[in-house]
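J.: This is the structure alone, sequence omitted:
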């Protein structure tokens, strides 16, 4: 049997660059709400290969700090940042979201996409409290995660998703996600929709026609086929039961 990789690592190896449940549609919506300019100080937690940071630095000329626990992801991010000649705008740091190595009230915006879903139990609350701590008064926390759309299928979804992407996960319902932030002192704006991660139309929108073809071509190679088909089948079968949710959470001043 072929080696089973963590889902986002597997998709990245196939060539996928947009590794978020709602794809660029959700990420773009978050950015549009944030009113970023060149003076905005941004922290991206779980920055991965640096795709969002590079887009923001190129578009707005702002300063961004990226944090990730994976040295492999940070090396890739550094390569991408150097390629775009953005080393004067973007800094990357290895660290843990549950204990951020930053002072209180340091950032205007914290971005965290596709990570809170992977934290279970008290870890979710601990991470959100850390984001709250490092934000300035009235600062924004922008998040983007998986949500459960059919409460009656919760156990089935939790078990199936964890088995499919090989990570223990805990997506929540829309109401539960909202409460996670509101209970900690945020004013919450929420947007939800269908998953684009493995959806053919969403994949073309996120990666372009050539990029989507490359991903599918790589996914159907013998060494990748089993896991690729498993992921595609799960998300297609459950497209009415799980989706993405994006939040613009403002810290109350």
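T.: Sure, I can see it. Quick caveat: nothing in here was measured; it's all calculated off a predicted structure.
J.: starting at the chain centroid, how far to the lengthiest strand in the chain?
T.: Across the chain, the longest stretch assigned as strand under DSSP state E is strand 135-148. Remark: strand 135-148 is offset 11 Å from the chain centroid, using C-alpha atoms, centre = their mean, to the nearest Å.
J.: Where does residue 93 sit, in terms of helix or strand?
T.: Using DSSP states H and E, the secondary-structure element containing residue 93 is strand 90-94.
J.: Same check on residue 28?
T.: helix 23-34.
J.: Next SSE downstream of the longest strand of the chain?
T.: Per DSSP H and E, the helix or strand that comes after strand 135-148 is helix 154-165.
J.: List the contacts of the closest residue to residue 26 other than its chain neighbours.
T.: The spatial neighbour of residue 26 that comes closest, neighbours along the chain excluded (C-beta to C-beta, 6 or more residues apart in numbering), is residue 246 at 4.5 Å. In short, each C-beta sits where N, CA and C put it, glycine included. Residue 246 makes contact with 22, 26-27, 29-30, 142-145, 190-192 under the criterion C-beta atoms under 8 Å, 6 or more residues apart in numbering.
J.: repeat that with 10 Å
T.: Residues in contact with residue 246, defined by C-beta atoms under 10 Å, 6 or more residues apart in numbering, are 20-22, 25-30, 33, 113, 142-145, 147, 177, 189-193.
J.: Please name the nearest non-neighbouring residue to residue 54.
T.: That would be residue 84: by C-beta to C-beta, 6+ apart, it lies 5.4 Å from residue 54.
J.: I'd like the distance between that neighbour and residue 24.
T.: Plainly put, residue 84 is 18 Å away from residue 24 if you go by C-beta to C-beta, to the nearest Å.
J.: Neighbour count: those two, which is higher?
T.: residue 24 (19 against 16; other C-beta atoms under 10 Å).
J.: Isn't residue 187 up against residue 139?
T.: No: checked against C-beta atoms under 10 Å, the pair residue 187 and residue 139 is beyond contact range at 11.5 Å.
J.: Next, show the common contact partners of those two.
T.: 249-251.
J.: contacting residues around the residue lying closest to residue 60 once chain neighbours are set aside?
T.: The shortest distance from residue 60 to any residue other than its chain neighbours is 4.7 Å, reached at residue 36 (C-beta to C-beta, 6+ apart). Counting by C-beta under 10 Å, 6+ apart, residue 36 makes contact with 42, 56, 59-62, 64, 108-109, 140.
J.: which SSE is the residue nearest to residue 26 in?
T.: Using DSSP H and E, the secondary-structure element containing residue 246 is strand 242-251.
J.: Residue 186 and residue 110: what is the separation?
T.: 11 Å.
J.: now swap in residue 197 and tell me
T.: Going from residue 197 to residue 110 by C-beta to C-beta gives 23 Å.
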